[in-house]
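> sequence first, predicted model second:
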Amino acid sequence: MLHKKILFFAFFFISFNLLSQTITNQEIKNLAFEIIKDSKNSVLVTIDSLGKPTSRIMDHHIISKELNIYLVTNPLSRKVNHLRFNSSISINFQSPDGKNYVSINGIGILIDDLNLKTKYWKNEWTPYYNNIETDCILIQIVPDSLELVSLSNYIIGDPKTWKPKTITF
């Protein structure tokens, strides 16, 4: 009986790993879009003036399958000051069931143009900002790389190092 269990788990692990190795970059981007779209919140990490990471929960807005992601914040917030000093970011998303995640590393671009704020606005943000022109600033996420693990789609990391599927933009 133990021998059958070991064979089953070995077969499962090998099959799982083989399936996860054959995915294309476009398929990874498509899955990432779905995970980001379905996630309720994201975790944004910025670097402070001392080089230390700071993370916070954010309400993100994804515009397209090309992974155009926008955040909104108070222009006087710490994250804005961090981005003015160092535009490097990491932003992480998890599916509601906890089986899938996406991590994007890149830069955050501050956008204070009213036309662009209006264009990329998410209605859920409205109650928190009295005046879209002066009370908020957008952060556009420009990805350098993306990491994805999707247990739901049999996409796992390297079995030895756990490095997730990664694409570079």
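Arrived safely.
> wait, doesn't residue 167 sit right on residue 25?
Yes - the criterion here is CB atoms under 8 Å, and residue 167 meets it with residue 25 at 4.6 Å. From N, CA and C alone the C-beta is placed, and that goes for glycine too.
> nearest residue to residue 141 other than its sequence neighbours?
Using CB to CB, 6 or more residues apart in numbering and skipping the chain neighbours, the partner closest in space to residue 141 is residue 69 (4.1 Å).
> need the contact list for the closest residue in space to residue 60 that isn't next to it in sequence.
Nearest residue to residue 60, sequence neighbours excluded (CB to CB, 6+ apart): residue 42, at 4.5 Å. Counting by CB atoms under 8 Å, 6 or more residues apart in numbering, residue 42 touches 36, 57, 58, 59, 60, 71, 91, 92, 93.
> and whichever strand or helix holds the second one, how far out from the chain middle?
Counting by DSSP states H and E, the element that carries residue 57 is strand 53-58. When distances are taken as CA atoms, centre = their mean, to the nearest Å, strand 53-58 is centred 12 Å away from the chain's centroid.
> buried ones in it?
residue 58 (16 or more other CB atoms under 10 Å).
> sheet partners, orientation included, of the following helix or strand past that strand?
Following strand 53-58 in sequence order, the next helix or strand is strand 61-62 (DSSP H and E). Strand pairing for strand 61-62, determined by DSSP bridges: strand 69-73 (antiparallel).
> the inter-axis angle of the strand it pairs with versus strand 53-58?
With axes from the mean of the first three to the mean of the last three CA atoms, to 10 degrees defining the directions, strand 69-73 sits at 90 degrees from strand 53-58.
> tell me which helix or strand comes right after strand 69-73.
Downstream of strand 69-73, the first helix or strand assigned by DSSP H and E is helix 78-85.
> picking that back up, residue 167 and residue 25: who's more crowded?
The residue with more neighbours, out of residue 167 and residue 25, is residue 167; 16 against 13, by other CB atoms under 10 Å.
> what about the more buried one, distance to residue 24?
9 Å (CB to CB, to the nearest Å).
> cool, residue 144 as well?
For residue 144, the distance to residue 24 - CB to CB - is 19 Å.
> go on, residue 76?
From residue 76 to residue 24 the distance is 43 Å (CB to CB).
> with residue 139 instead?
29 Å.
> longest strand anywhere in the chain?
Identified as the longest strand of the chain according to DSSP state E is strand 137-150.
> could you check the angle it makes with strand 53-58?
Using the same axes, to 10 degrees: strand 137-150 against strand 53-58 is 90 degrees.
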